[in-house]
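J.: Fold the following.
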Amino acid sequence: MNHFNHLVSEQMMTMEKLLYLQAELERCQEIEEQLQILQNETELESIKNEINQMKRELKEIQETFEKQTEEVIQSYHDMYLEPSV
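T.: Residues are numbered from 1 along each chain as shown. Reported below is the predicted structural model:
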């Protein structure tokens, strides 16, 4: 009977370790998932910032192009459409 109790006691300790490790593994996996989400959010935020910067640059270039177009039209107008004095 003593041997039996010893074996059951060892088995119970093993079961406690097993349950503890399972719980820790689940906790770590949840943390891993949260970190992946945060990393993705960080990457997403970085990409959004890059997109916003490109939009600002695009707007500036469009404005510059429009001004250049106006200047070209005005220059053409001045050269060819204004009567010579």
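J.: quick one: low-confidence ranges for this structure?
T.: Across the chain, the stretches falling below the confidence threshold (pLDDT under 70) are 83-85.
J.: How far away from the center of its chain is the helix or strand where residue 34 lies?
T.: For residue 34, the element it lies in under DSSP states H and E is helix 2-76. When C-alpha coordinates are averaged (CA atoms, centre = their mean, to the nearest Å), helix 2-76 and its chain have centres 6 Å apart.
J.: and what of stretch 62-79?
T.: Here stretch 62-79 is found 41 Å from its chain centre; the criterion is CA atoms, centre = their mean.
J.: other SSEs contacting the helix holding residue 34?
T.: Using 3 or more CB pairs under 8 Å, 6 or more residues apart in numbering; DSSP states H and E as the contact criterion, no secondary-structure element is in contact with helix 2-76. Quick note: C-beta positions are derived from backbone N, CA and C, even for glycine.
J.: Adjust the sequence numbering to begin at 23 for everything that follows.
T.: In the new numbering, first residue 23, that becomes helix 24-98.
J.: ok, residue 92 to residue 30 distance?
T.: Note on residue 92: its distance to residue 30, by CB to CB, to the nearest Å, is 92 Å.
J.: swap in residue 49?
T.: Between residue 49 and residue 30 the computed distance is 28 Å (CB to CB).
J.: ok, now residue 50?
T.: Here residue 50 is placed at a distance of 30 Å from residue 30 (CB to CB).
J.: and if you look at residue 58?
T.: Separation of residue 58 from residue 30 (CB to CB) stands at 42 Å.
J.: Residue 101 now?
T.: From residue 101 to residue 30 the distance is 104 Å (CB to CB).
J.: Could you do residue 36 as well?
T.: Counting by CB to CB, the gap from residue 36 to residue 30 is 11 Å.
J.: go on, residue 23?
T.: Distance of residue 23 to residue 30, computed by CB to CB: 10 Å.
J.: Cheers, nothing more for now.
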